[in-house]
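Engineer: would you be able to build a 3D model of this:
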Amino acid sequence: MRKVSIEYAHIYTNQHISEVQQISVNTLSEITSSTQEQGKDTSLVVMVDDYSFPDPSFEYGNFSNWLDGKGFMPDILFRESQLIPACDEVLGIIENDKLKAQILDYVKTKKYPCSLFIAAWY
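Structural biologist: All right, here's what the predicted structure looks like:
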């Protein structure tokens, strides 16, 4: 059986649960039904973006309870800031010097890009 990792209900710590997360959970329901029909097992992942717009008052417990109440408790819920060491590892294995320089320049002038967080998650 193949395992499919699905990130859903993405949220920024400066936001509250909204229609966006509800739509994500509704869509997840359709996706998990389809993957089960195909004989695939799912791993549910929620990444809370505490990096782009950090807000220490974000209620992780409330968010987890909301997800659980919708029937989709994640197998893992983590903060994007926890991926920074993994992002650095991904940068370390990029062999294309031009690409690596572009990403490092972006990180230095702005922040780690979402695409790098996703690569680190994978």
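Engineer: from the centroid of the chain, which residue is nearest?
Structural biologist: Nearest to the geometric centre of the chain sits residue 47, at 3.3 Å (CA atoms, centre = their mean).
Engineer: that's a helix at that one, yeah?
Structural biologist: No - according to DSSP: H, G, I helix; E, B strand; the rest coil, residue 47 belongs to no helix; its state is strand.
Engineer: output the below-cut-off pLDDT ranges for this structure.
Structural biologist: Applying pLDDT under 70 to the predicted model, the residue ranges of the chain that meet it are 1.
Engineer: change it to 80
Structural biologist: 1-2 (pLDDT under 80).
Engineer: helices along that one, start to end?
Structural biologist: Assigned by DSSP state H, the chain shows helices spanning 19-37, 60-69, 84-93, 97-109, 114-121.
Engineer: turn those into a markdown table, columns for mean neighbour count and distance to residue 75.
Structural biologist: Yep, even glycine has a C-beta here, placed from its N, CA and C like the rest. A markdown table is the format used below for the helices of the chain (neighbours: other CB atoms under 10 Å; distance: least, CB to CB, whole Å):
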| stretch | mean neighbour count | distance to residue 75 |
| --- | --- | --- |
| helix 19-37 | 13 | 12 |
| helix 60-69 | 14 | 11 |
| helix 84-93 | 14 | 18 |
| helix 97-109 | 12 | 29 |
| helix 114-121 | 17 | 13 |
